[in-house]
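Enquirer: Here is a sequence with its predicted model. Questions after.
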Amino acid sequence: MSQKTPTQLEREARQALDRLADDSLSPEEFAELEHRLLSDAQFRLFYVEQSDMQSELEHHVRSYPPLTIKKGRSISKAWGIPLAIALSLLIVLGFANLFFLDQLKTAFLGDPMLDFRESQLIGQGPIAIVISRSEEADAGSPLQVGDRVKPGALRLNRGDLKLEFLSGVRVQLTGPAEMHLLTEHQATLLHGQAGVVTPPDSDSFSLNGPVSAVVKGSSEFVFRVDGPNRGEVDVFQGEVMASLLGPSGDTLLNELVSSSNSALFADGELTVAAKTFDQSDRVDMVPVDNVYLETTDQYAEAVKADRPLVYWRFEDGDIVGNQVLNQMGDHHHGVIHSANDGSIEVSGGRIHFSQSKKARHLGISEPIERINRGDFSIEFWVRTDRMHWGSFFGLLPVTQADPEKESHLCILEYANHTNVVHRPATIRMLYRYPPTTYDGGKNVFSANSCTPGIWTHIVAVKTPDSLRLYCNGQLQVNLDDLDFGDSSAYTAVLGQIDSVRSFRQLEGQLDEVAIYEKALTEEQVRHHYEVIAGPPKT
């Protein structure tokens, strides 16, 4: 189809404006006009010009005596021209809002802290989670704390943003900077500074730039990119392989950079030299809590008012030898089973678990009788140190049927890279009956993330017809027939998969652990959460 001339477009714009003024457009024609104004830039330009001309004519006409209109004539003509002008102005303002709103916001409010353009490839899943940002995010801001992040381009105009990749690697980007997030094992720094901390059990992670910094295992370093041909890698701990790449992406030169050394790439050369670092040079990778559990007397009163069977608070007066006293009576105390390597520590009113090569857990002094005969609830606060697959709490048979397999009635765990399909950094509630059905069970996963370094409130409820999982007051439900009438006794294990084996260990802190022989209501759960965290922000 041949392109229309300016004269034709001007004529069509004039006709459209006249018909709109005459009120002679059908709804279908009006919709077509709207669509054309949105999609055809040239037609829109002529339409606005004609509207401006009409507005100017209207202004001059008003300076003459009014015309006498014959009786019976439709008033649509009289109102049509102002209506058409008003509609045109609204359309113009709409386009101004569409195309210039961001510029106006920038002019008055300054650049936003960050911008993120997610990859549009179909099937890409999250590769990282936001664990901290230096500015509080408004409702429309991208990448808020707890958000799961897919591959994409991230531009940071100012401040700090901390990400934890699913591989366990933590990256702090300091603005102004730009980074492309590729996979859980790879990213590219275009400019700016990125601090990186990798855990001992991490697979290979590559941060690309003018040179590529490749690490495996525990390390801590800062990568700065000052331009397309200049970059520096400061290694505080561990070892980093600095690789100079050729145009085809092949490695031209490798230099191993150990701790207290720096690799500088400039003018096509890569040099490594010893360097002394101040503590201020290093990147603090632990985010600051946005929920504090310091003043919990009011919280304890709220929990006790709902009559749990077990309530462990880990306060100084609650620890007697290896026991954690039950606030609700003389039975069901917590028992610390230590590995004598510092992997379990009670301090500051909470219990902290760290990784150990040996089994270590918090148990219970005596089994809980008939807890599965009807409803039960499990409640606690948790603060994970990093993303990993770790067990928070399990209800298990008193005697394991198979020492090589877990036989849980119910388990709550931090789900990351597990053998089931779910979103990363989420809470999993698994219920099995009978407990020895190793390959089955009912699952509920939290809708929101459990962010490393941030306290999270968890409540799991089992009723005869549902599993209910609350994460910071948000509810997820799995409806099913769970009325089994079981009168067996069960024991509790916190901090690892069971009482014997040393895997799926929790790395983080637990506090305010409560077990109820009833189903907490949604109102009770919300009240407990809001006593500490406050009402949700609007």
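Expert: Done, it's in. Numbers count the residues shown, from 1 in each chain.
Enquirer: got the contact list for residue 354?
Expert: Contact analysis of residue 354 by CB atoms under 8 Å, 6 or more residues apart in numbering lists 342-345, 385, 507. The C-beta positions use only the backbone N, C-alpha and C, and glycine is treated the same way.
Enquirer: If we use 7 Å, what do you get?
Expert: The contact partners of residue 354, taken as CB atoms under 7 Å, 6 or more residues apart in numbering, are 343, 507.
Enquirer: which residues are contacting the helix or strand where residue 352 lies?
Expert: Using DSSP states H and E, residue 352 sits within strand 350-353. If you take CB under 7 Å, 6+ apart as the criterion, strand 350-353 is touched by 314, 343-345, 362, 495, 505-511.
Enquirer: Now distance to residue 9 too, for the residues you listed, in JSON lines please.
Expert: As requested, the contacts of strand 350-353 are arranged in JSON lines below (distance: CB to CB, whole Å):
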{"residue": "314", "distance to residue 9": "76"}
{"residue": "343", "distance to residue 9": "76"}
{"residue": "344", "distance to residue 9": "77"}
{"residue": "345", "distance to residue 9": "76"}
{"residue": "362", "distance to residue 9": "77"}
{"residue": "495", "distance to residue 9": "73"}
{"residue": "505", "distance to residue 9": "71"}
{"residue": "506", "distance to residue 9": "68"}
{"residue": "507", "distance to residue 9": "67"}
{"residue": "508", "distance to residue 9": "66"}
{"residue": "509", "distance to residue 9": "68"}
{"residue": "510", "distance to residue 9": "70"}
{"residue": "511", "distance to residue 9": "70"}
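Enquirer: Using neighbour counts, trim these to the buried set.
Expert: For the contacts of strand 350-353, a burial check counting by 16 or more other CB atoms under 10 Å picks out 314, 343-344, 362, 495, 505-511.
Enquirer: Format those as CSV; extra columns: secondary structure, distance to residue 216 and pLDDT.
Expert: Formatted as CSV, the buried ones among the contacts of strand 350-353 follow (DSSP: H, G, I helix; E, B strand; the rest coil; distance: CB to CB, whole Å; pLDDT from 0 to 100):
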residue, secondary structure, distance to residue 216, pLDDT
314, coil, 37, 95
343, coil, 24, 95
344, strand, 29, 97
362, strand, 33, 97
495, coil, 28, 97
505, coil, 22, 95
506, coil, 25, 96
507, coil, 20, 94
508, strand, 24, 94
509, strand, 28, 95
510, strand, 31, 96
511, strand, 34, 96
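Enquirer: ok, and the helix or strand in this protein with the lowest average confidence?
Expert: Counting by mean pLDDT, DSSP states H and E, the chain has its least confident helix or strand at helix 76-109, which shows a mean of 52.
Enquirer: So for the helix or strand following that one, mean pLDDT?
Expert: Using DSSP H and E, the helix or strand that follows helix 76-109 in sequence is strand 114-118. Taken as a whole, strand 114-118 carries a mean pLDDT of 93.
Enquirer: Partner strands of the strand holding residue 352 and their direction?
Expert: When pairing is defined by DSSP bridges, strand 350-353 lines up against strand 344-347 (antiparallel), strand 508-516 (antiparallel).
Enquirer: Could I have the CA atoms of that strand written out in CSV?
Expert: Extracted C-alpha coordinates of strand 350-353, given in CSV (Å, rounded to 0.1, in the frame of the first residue of the first chain):
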residue,chain,number,x,y,z
ARG,A,350,17.8,-16.9,70.1
ILE,A,351,19.5,-20.1,69.0
HIS,A,352,22.0,-20.0,66.1
PHE,A,353,22.9,-23.0,63.9
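Enquirer: That one: how far from the chain's middle?
Expert: With CA atoms, centre = their mean, to the nearest Å as the basis, strand 350-353 stands 24 Å off its chain's centre.
Enquirer: again, but for stretch 15-32
Expert: In terms of CA atoms, centre = their mean, the centre of stretch 15-32 is found 48 Å from the chain centre.
Enquirer: List the buried residues of it.
Expert: Neighbour-count burial for stretch 15-32 [16+ other CB under 10 Å]: 16-17, 19-21.
Enquirer: Can I get the buried ones among the contacts of strand 350-353 in TSV including distance to residue 218?
Expert: Formatted as TSV, the buried ones among the contacts of strand 350-353 follow (distance: CB to CB, whole Å):
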residue	distance to residue 218
314	29
343	17
344	22
362	27
495	22
505	17
506	20
507	14
508	18
509	21
510	25
511	28
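Enquirer: Closest one of the residues you listed to residue 485?
Expert: residue 362 (29.2 Å; CB to CB).
Enquirer: picking up where we left off before, now the strand holding residue 352: mean pLDDT?
Expert: 96.
Enquirer: Any regions of the protein where pLDDT drops low?
Expert: 1-7, 49-110, 246-251, 284-295, 401, 403, 438-439, 536-538 (pLDDT under 70).
Enquirer: Tell me which residue is most central in it.
Expert: Residue closest to the mean C-alpha point of the chain, counted by CA atoms, centre = their mean, is residue 147 at 1.8 Å.
Enquirer: before we move on, the earlier item: could the strands paired with strand 350-353 be laid out in a markdown table, adding distance to residue 486?
Expert: Formatted as a markdown table, these follow (distance: least, CB to CB, whole Å):
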| stretch | distance to residue 486 |
| --- | --- |
| strand 344-347 | 31 |
| strand 508-516 | 16 |
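Enquirer: Quick check: which of those is nearest to residue 306?
Expert: For residue 306, the closest of those is strand 508-516, at 7.0 Å, according to CB to CB.
Enquirer: For the helix or strand following that closest one, what is the distance to the chain centroid?
Expert: Heading C-terminal from strand 508-516, the first helix or strand you meet, by DSSP H and E, is helix 522-533. Distance, stretch centre to chain centre, for helix 522-533: 22 Å (CA atoms, centre = their mean).
Enquirer: Direction-wise, compare helix 522-533 with strand 508-516 and give the angle.
Expert: 150 degrees (axes from the mean of the first three to the mean of the last three CA atoms, to 10 degrees).
Enquirer: Show me which residues of helix 522-533 are buried.
Expert: 524-529, 531-533.
Enquirer: Equivalent analysis for stretch 469-480, please.
Expert: Applying a neighbour-count criterion of 16+ other CB under 10 Å, one finds 469-473, 475-476 buried in stretch 469-480.
Enquirer: And stretch 276-284, by the same measure?
Expert: Going by neighbour count (16+ other CB under 10 Å), the buried part of stretch 276-284 is 282-283.
Enquirer: Can you give the contact residues for that stretch?
Expert: Contacts for stretch 276-284 (CB under 7 Å, 6+ apart): 172, 195, 220, 222, 234, 236.
Enquirer: repeat that with 6 Å
Expert: Here stretch 276-284 makes contact (CB atoms under 6 Å, 6 or more residues apart in numbering) with 172, 195, 236.
Enquirer: quick revisit: nearest to residue 131 among the buried residues of helix 522-533?
Expert: Out of these, the member with the shortest distance to residue 131 (by CB to CB) is residue 533, at 17.6 Å.
Enquirer: Any figure for the gap between the closest one and residue 474?
Expert: To residue 474, residue 533 is 12 Å away according to CB to CB, to the nearest Å.
Enquirer: can you check residue 126 too?
Expert: To residue 474, residue 126 is 18 Å away according to CB to CB.
Enquirer: Next: residue 466.
Expert: 16 Å.
Enquirer: I'd assumed residue 493 was in contact with residue 499.
Expert: Yes: in this structure, residue 499 is within contact of residue 493 by CB atoms under 6 Å, at 5.2 Å.
Enquirer: Noted, bye for now.
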